[in-house]
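> A predicted structure for the sequence below; I have some questions about it.
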Amino acid sequence: MTRHSSETNKPSRRILLKSLTGAGFAAALGAPIPFVGRMAEGLIPVALAQGTGGLSVQKPGLTVLNDRPVNMEAPPHLLDDAVTPAARMFVRNNGLPPASTNVDTWRLVVDGEVKTPLDLSIAELKSQFETATLQLQIECAGNGRRFMKPAARGNQWSFGAISCAAWTGVRLRDVLERAGLKESALYTAHYGADTHLSGDPEKQPISRGVPVAKAIEPHTLIAFAVNSDDMPSLNGHPLRLVAPGWPGSCSQKWLTRIELRDRVHDGAKMTGQSYRVPAFPVRPGASVADEDMQIIESLPVKSLITAPQTGVRVNAGDAFEVRGHAWAGDLDVVALDVSIDFGASWSAADLSAPANKYAWQRWRAEIRLPEAGYYEIWARARDIQGRMQPATTPGWNPRGYLNNMQHRIAVFAL
Ligand SMILES: Nc1nc2c(c(=O)[nH]1)N[C@H]1C(S)=C(S)[C@@H](COP(=O)(O)O)O[C@H]1N2
Ligand SMILES: [Mo]
């Protein structure tokens, strides 16, 4: 390949440009940009331009919502696997992922309201504690925000900010047991190695926590692998928390420290309006005082139709399979119904038990459409406490969290 030397190819200039834009773009694309020095200032790679979607090397087919920070979601038909492939796990970044993530030098500190503070390498975590592999859902509390009316600010997720992969790690409970919780330990505070968008090293992009009861729940893992492999760098390599069934923000990526506190954590995105909803129903569009907001814990009952893909053509009168997944935060799903007549009548789908608690549950139904024309298939899950998904957006809240409305797909019978 011929190389033309010019001012822009001088190393110093290239490094400068890279530090401005290229490294961030390259992280999102999952590929270096050989001609980064040729990119005009402000040029956004078309692969990452809003609405293009599907052009990340690490995450083919995902829709890119933002490039700085990187946010991507999977269209529902790409979430059909019982165990979500790493390449299809959504990405929700609040800051910039750490530039270097060395497995051998990574440390996890556990301190605060503990009897013996710990400072562990990943090798020590693996050798000193029992390892567990569990299929665990991670869902962004803002999944479905796009459909809130009036619109709520934040990433305009549609249905795909959910994954259920097989995470391998050690139980946070076991690590906390080793450290020894003091009587005063009430809440965790999680810290990661990513950096704030402003570049200010004093600021955390996000630092959330959970009550001790959730921290010692045996499905809360400190994970070092997903689907028997390293996790993608965008999903927290080399170490992350997985606190399933709760807002994904509780599952700190690039985990470096867990502090035990004697009070509710007050880190970045823990207070004010972040990951909080009004304690009582409010009029759509209302502004709600911070003191009237409460922290979101278990997420509500929800389901997806993952096959067929919306827009499919089928033959009128022929049977075909419709399937998807259902989940309900801390709870089990006990029923999944489908409708082909805009919710006028419903029939029960076959619903499987979860692979383990906090795994989503597979459902399948056989459908026949009576005559040629346009149909919609709607799916509605019910949790063990009798709560169902609403047909339209549930109670509005200022940041557009917890939208568990029914998923619908379009089907043409020919
Ligand atoms: N360190 C760190 N951890 C983080 C975040 C982040 O920006 N930084 N985002 C959180 C949010 S809001 C969500 S929804 C989940 C998403 O996990 P994923 O990107 O692996 O799908 O990660 C959480 N953990
Ligand atoms: Mo999130």
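Yep, it's here. Residues are numbered from 1 along each chain as shown. Ligands and ions are numbered 1, 2, ... in the order given.
> please see if stretch 155-174 touches ligand 2.
No. Residues of stretch 155-174 are not located near ligand 2 by CB under 5 Å from the ion, the shortest gap being 6.9 Å. C-beta coordinates here come from the backbone N, C-alpha and C atoms, glycine included.
> model confidence over that stretch, on average?
Throughout stretch 155-174, pLDDT has a mean value of 97.
> would you agree residue 277 falls within a strand?
Yes. Counting by DSSP: H, G, I helix; E, B strand; the rest coil, residue 277 is part of a strand.
> residues contacting it?
Counting by CB atoms under 8 Å, 6 or more residues apart in numbering, residue 277 makes contact with 293, 294, 296, 397, 399, 401, 402.
> what's the burial count for the nearest residue to residue 196 once chain neighbours are set aside?
Leaving aside its sequence neighbours, residue 196 sits nearest to residue 203 (CB to CB, 6 or more residues apart in numbering; 3.9 Å). Neighbourhood size, residue 203 [other CB atoms under 10 Å]: 13.
> stretch 126-143 near ligand 1 at all?
Yes. Stretch 126-143 comes into contact with ligand 1 (CB under 6 Å from any ligand atom), by way of 138, 140.
> quick one: end-to-end length of that stretch, please.
This stretch, stretch 126-143, spans 33 Å end to end (CA to CA, to the nearest Å).
> average pLDDT across it?
In this model, stretch 126-143 has a mean pLDDT of 98.
> buried ones in it?
Neighbour-count burial for stretch 126-143 flags 129, 132-143 (criterion: 16 or more other CB atoms under 10 Å).
> which one of these is nearest ligand 1?
Taking CB to the nearest ligand atom as the measure, ligand 1 sits nearest to residue 140 out of the buried residues of stretch 126-143, at 3.5 Å.
> need the contact list for the closest one.
90, 92, 155, 157, 161, 162, 247, 248, 249.
> pull up the residues of the stretch 51-200 of the chain that are close to ligand 1.
Residues of the stretch 51-200 of the chain lying close to ligand 1 (CB under 6 Å from any ligand atom) are 89, 90, 91, 92, 93, 94, 95, 138, 140, 163, 192, 194.
> let me know the closest of those residues to residue 366.
Among these, residue 163 lies closest to residue 366 (CB to CB), at 27.1 Å.
> what secondary structure does the closest one sit in?
Here residue 163 is strand, with the state taken from three-state DSSP.
> what sits closest to the residue of the stretch 301-414 of the chain found nearest ligand 2 if chain neighbours are left out?
With CB to the ion as the measure, residue 401 is the residue of the stretch 301-414 of the chain nearest to ligand 2, at 9.2 Å. In space, and not counting its chain neighbours, residue 401 is closest to residue 141: 4.5 Å by CB to CB, 6+ apart.
> ok, the one you found - contacts?
Listed by CB under 8 Å, 6+ apart, the contact set of residue 141 reads 247, 248, 249, 275, 296, 299, 401, 402.
> can you rerun that using 10 Å?
Applying CB atoms under 10 Å, 6 or more residues apart in numbering, we find residue 141 in contact with 92, 154, 157, 161, 246-250, 274-277, 296, 299, 399-403.
> for residue 412, which non-adjacent residue is spatially closest?
Excluding its sequence neighbours, the residue lying closest to residue 412 (CB to CB, 6+ apart) is residue 313, at 4.8 Å.
> do residue 373 as well
Nearest residue to residue 373 in three dimensions, chain neighbours excluded: residue 413, at 5.9 Å (CB to CB, 6+ apart).
> how close does that neighbour sit to ligand 1?
Applying CB to the nearest ligand atom, to the nearest Å, the value for residue 413 to ligand 1 is 36 Å.
> now the stretch 51-200 of the chain against ligand 2: closest residue?
Counting by CB to the ion, the stretch 51-200 of the chain gets nearest ligand 2 through residue 140, at 3.4 Å.
> mind listing what residue 179 touches?
Contacts for residue 179 (CB under 10 Å, 6+ apart) come out as 110-118, 120, 185, 258, 260.
> do residue 134 as well
With contacts defined as CB under 10 Å, 6+ apart, residue 134 is in contact with 165-169, 171, 218-221, 223, 242, 244, 355-359.
> ok, of the residues you listed, which come out buried?
With neighbours counted by 16+ other CB under 10 Å, the contacts of residue 134 contain buried members at 165-169, 171, 219-221, 223, 242, 244, 355, 357-359.
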